[in-house]
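Peer 1: below is the sequence, then the predicted model.
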Amino acid sequence: MSDWPKYDMDFLNGRRQRRLRRTGWMRDLVRETTLTPADFILPMFVIDGQNERTPIKSMPGVDRLSVDLAVKAAKEAAAAGIPALALFPNTPEHLRNENGSEAYNPDNLMCRALRAIKDAVPEIGLIADVALDEYSSDGQDGLVRNGEILNDETVAAMVRSALVQAEAGADIIAPSDMMDGRVAAIRLELDEAGYDHVAIMAYSAKFASAFYGPFREAVGSGQHLLGDKKTYQMDFANSDEALREVAQDIDEGADMVMVKPGMPYLDIVRRVRDSFNVPVYVYQVSGEYSMIRFASEAGAIDGEAAMMESLWAFKRAGAKGILTYFALEAARKLGA
Ligand code: PBG
């Protein structure tokens, strides 16, 4: 190769971009964004029982945990420097009904997990998902009548759900249902009940996505779900609409907003970040996690490198934080 003739590069006038990439220390010196354990939120699936851990077939490496094991995992997350957890219950089958009424049972699995973790690991923040799919026999995020997803009735149920979660120790209420007006209603009733310190992280730009598949196995809603969620979750062809959703949620009182899924929606993360002055979060959802895991297991990609690259991409796009099933692994790799 050394006897290959050199191309005459006079036209560069000495301008060479590779100068800043020559060495590790130089790349460290010029890196534009950072990634630390404090950027991560760890989603966790909880189940009934004691010392129970059940694998999720479509999400290798992620297990559902009984409350006692969730407490242990919360300790590990805190030790790794992760600031917050996002909890999701896999509600026992016999407690699911068409009203999703288990959602506002003050002693439901979610509330028991919130109480136990708050008690044992007070230094970690607790984010409670509010939506009916984790409790209803329809697998839809809202109440269903004659095949239609009811908005205002669903909001009333969600408010009750948020209140029991706040009472159980949730620090952040995260409505993931995409009903209209739920942020304002939850804010109003939280304040009314004395929970004005509880924050709202709105799933504001949540798209009707194929990437939620493994999550629906994890919480046990997939087997119930008939049809899709396109009358409330966003059309993936749209971007301006995401800004309207975010604007309305902020107007209704959201403290933080979220874009979901993550990797196929980095353009939305960037637009939201540039347009609004609230912290923006992004959810690297179950299907994104599984793609990287399965591709890695098949030997197609270096899973750890792809994990870090994907997480960094969210920061570059402007996210303040990332909900990711890789949180613990990535935090440990980065060092607390
Ligand atoms: C339910 C909810 C979903 C996710 C978070 N909350 C699934 C859905 O909307 O169908 C998806 C998370 C993931 O895929 O990791 N309201």
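Peer 2: Received the coordinates, thanks.
Peer 1: show me the contacts for residue 274.
Peer 2: By C-beta atoms under 8 Å, 6 or more residues apart in numbering, the contact set of residue 274 is residue 318. (Each C-beta comes from the backbone N, C-alpha and C, glycine too.)
Peer 1: how far away is it from the ligand?
Peer 2: 25 Å (C-beta to the nearest ligand atom, to the nearest Å).
Peer 1: check which helix or strand that residue maps to.
Peer 2: helix 266-275 (DSSP states H and E).
Peer 1: can you give me the strands for the stretch 101-250 of the chain?
Peer 2: Counting by DSSP state E, counting those that start in this stretch, the stretch 101-250 of the chain has strands at residues 125-130, 143-145, 148-150, 172-175, 199-206.
Peer 1: run a quick neighbour tally on the residue in the stretch 51-200 of the chain that the ligand sits nearest to.
Peer 2: Going by C-beta to the nearest ligand atom, the ligand is nearest to residue 131 of the stretch 51-200 of the chain, at 3.3 Å. Residue 131 sits with 28 neighbouring residues when counted by other C-beta atoms under 10 Å.
Peer 1: what sits up against stretch 194-207?
Peer 2: With C-beta under 8 Å, 6+ apart as the criterion, stretch 194-207 contacts 127, 163, 166-167, 170-178, 183, 186-187, 190, 233-236, 242, 245-246, 249, 252-261, 265, 268, 272, 281, 283.
Peer 1: what about the ligand: which of those touch it?
Peer 2: 176, 177 (C-beta under 6 Å from any ligand atom).
Peer 1: tabulate the strands of the stretch 101-250 of the chain in TSV, adding columns for mean pLDDT and mean neighbour count.
Peer 2: Below are the strands of the stretch 101-250 of the chain laid out as TSV (pLDDT from 0 to 100; neighbours: other C-beta atoms under 10 Å):
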stretch	mean pLDDT	mean neighbour count
strand 125-130	98	24
strand 143-145	95	18
strand 148-150	96	16
strand 172-175	98	26
strand 199-206	98	27
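Peer 1: quick one: mean pLDDT over the helix holding residue 274.
Peer 2: For helix 266-275, the mean per-residue pLDDT is 98.
Peer 1: what residues are up against residue 318?
Peer 2: Residue 318 neighbours (C-beta under 8 Å, 6+ apart): 269, 270, 272, 273, 274, 280.
Peer 1: my guess is the second one meets residue 315, correct?
Peer 2: Going back to what we said before, that points to residue 270. No - between residue 270 and residue 315 there is no contact under C-beta atoms under 8 Å: 11.4 Å.
Peer 1: weed out the non-buried ones from the contacts of stretch 194-207.
Peer 2: 127, 163, 166-167, 170-178, 183, 186-187, 190, 233-234, 242, 245-246, 249, 252-261, 265, 268, 272, 281, 283 (16 or more other C-beta atoms under 10 Å).
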